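Enquirer: Model the structure of this input:
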Amino acid sequence: MAFQFQSIAALSPFLQQEAGLGLAEIGLLIGLYLAPGVRVAVPGGAMAAWSV
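Expert: Prediction:
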């Protein structure tokens, strides 16, 4: 996961120049990449706390 996460940050100068993306759009890409993990982690943590 760390390699894929860092690849967007490493390519951000290229994405800014060639694709015309700004820092907000690059941040959105990173946020979209992490969103599925948050949707799984939050209910999983709630279930773990409930079962204790």
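
Enquirer: contacts, neighbours, all on C-alpha from now
Expert: Will do.

Enquirer: What are the phi and psi values at residue 50?
Expert: phi -70, psi -30 (degrees, to the nearest 10).

Enquirer: Kindly report the same for residue 22.
Expert: phi -100, psi 180.

Enquirer: quick one: contacts for it?
Expert: residue 16 (Cα atoms under 8 Å, 6 or more residues apart in numbering).

Enquirer: Tell me, how many residues neighbour residue 13?
Expert: Other residues near residue 13 come to 16 when the count uses other Cα atoms under 10 Å.

Enquirer: Make 188 the starting number, not 1.
Expert: Okay, using 188 as the starting number, the last item reads as residue 200.

Enquirer: element containing it?
Expert: helix 199-205 (DSSP states H and E).

Enquirer: So which residues make contact with that helix?
Expert: In contact with helix 199-205 (Cα under 8 Å, 6+ apart) are residues 208-210, 213.

Enquirer: change it to 7 Å
Expert: 208-209, 213 (Cα atoms under 7 Å, 6 or more residues apart in numbering).

Enquirer: could you dump these to a markdown table with distance to residue 234 and pLDDT?
Expert: Below are those laid out as a markdown table (distance: Cα to Cα, whole Å; pLDDT from 0 to 100):
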| residue | distance to residue 234 | pLDDT |
| --- | --- | --- |
| 208 | 39 | 91 |
| 209 | 38 | 93 |
| 213 | 33 | 89 |
